[in-house]
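Chemist: Fold the following and give me the result.
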Amino acid sequence: MSRTPEQIRDEWLHDLMPPGALERSPDGNLAKFLLAFAGPFAALESDVDGLAQEISPGTAVGLLADYEAVLGPDPCGRDQGDLTLAQRQALAFQRWVAGAGVTPAFFLAMAEAAGFTITIEEPDTPVHGRVRCGTARYGTADLRFLWIVTLPNKNTGLECPMQRLAPAHTTLVFKYAEAAS
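Modeler: Numbering: from 1, shown residues only. Okay, here's the model as predicted:
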């Protein structure tokens, strides 16, 4: 929270001026002199407070175009068309922190931030040594790296970013809840 020029002046008078040697009254000449220097400091603090919301692309307004320029065009094409400010902020924020984690929990949070509820199933591998039934094998160790992602519908736009951000050894399989009903 920024301070007023008067608050800054009073702080300087109290903290920086020795008691008794100089007049520390807010009406004195020294106080009036310091008030002239306190104004720019108050303006600076106000500007810094105003930029506090710009530190993240998810809340940025004035610097949102700069974040978008740094990120460049979305490789999945999600930045096409007329997006609202909130949609642009959500997309820029998601792209800005996209490398933050590549776990199922990360993808659940990414979908939630986009306004969708998804599920991710990691099937258990039925391989225990050389378990077989006849000649067909029930599964392989590769099932450890399979994620079954259930999306609400095909229009979520989450498939491309999830494929791009998934760990290299992981295979994503997409299912759609609307197709199951």
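Chemist: ok, Trp105 - contacts?
Modeler: That one is not Trp; residue 105 is Ala. For Ala105, the contact set (CB atoms under 8 Å, 6 or more residues apart in numbering) is empty. All C-beta atoms are positioned from the backbone trio N, CA, C, and that covers glycine.
Chemist: host element of it?
Modeler: helix 104-113 (DSSP states H and E).
Chemist: which helix in the chain runs the most residues?
Modeler: helix 29-51 (DSSP state H).
Chemist: Check which residues of it are buried.
Modeler: Buried residues in helix 29-51, counted by 16 or more other CB atoms under 10 Å: Leu30, Ala31, Leu34, Leu35, Ala38, Ala42, Glu45.
Chemist: Just send those back as CSV, with distance to Ala90 and pLDDT too.
Modeler: Listed next are the buried residues of helix 29-51 as CSV, based on distance: CB to CB, whole Å; pLDDT from 0 to 100:
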residue, distance to Ala90, pLDDT
Leu30, 52, 86
Ala31, 49, 88
Leu34, 45, 91
Leu35, 44, 92
Ala38, 40, 94
Ala42, 34, 94
Glu45, 30, 92
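Chemist: quick check, nearest of these to Gly115?
Modeler: Glu45 (36.3 Å; CB to CB).
Chemist: Tell me who's in contact with that closest one.
Modeler: Neighbours of Glu45 in contact, by CB under 8 Å, 6+ apart: Ser2, Arg3.
Chemist: just Ala60 next, same as before
Modeler: Gln53, Glu54, Tyr67, Gln89, Ala92.
Chemist: Name the nearest of the residues you listed relative to Pro123.
Modeler: Nearest to Pro123 among those, with distances taken as CB to CB, is Ala92, at 34.4 Å.
Chemist: list the buried ones in the strand or helix carrying the closest one?
Modeler: Using DSSP H and E, Ala92 sits in helix 85-96. For helix 85-96, burial by neighbour count (16+ other CB under 10 Å) applies to Arg88, Gln89, Ala90, Leu91, Ala92, Phe93, Gln94, Arg95, Trp96.
Chemist: Nearest to Leu63 among the residues you listed?
Modeler: Nearest member of these to Leu63, counting by CB to CB, is Ala92, at 9.9 Å.
Chemist: Model confidence at the residue positioned nearest the centre of the chain, what's the number?
Modeler: The C-alpha lying nearest the average C-alpha coordinate of the chain belongs to Phe93 (CA atoms, centre = their mean; 4.3 Å). On pLDDT, Phe93 comes in at 88.
Chemist: about what we covered before: report the two of the contacts of Ala60 separated the most.
Modeler: Farthest pair in the contacts of Ala60, by CB to CB: Gln53 and Ala92, 13.5 Å.
Chemist: Just the buried positions in the helix holding Ala105, please.
Modeler: In helix 104-113, counting by 16+ other CB under 10 Å, buried: Pro104, Phe106, Phe107, Leu108, Met110, Ala111.
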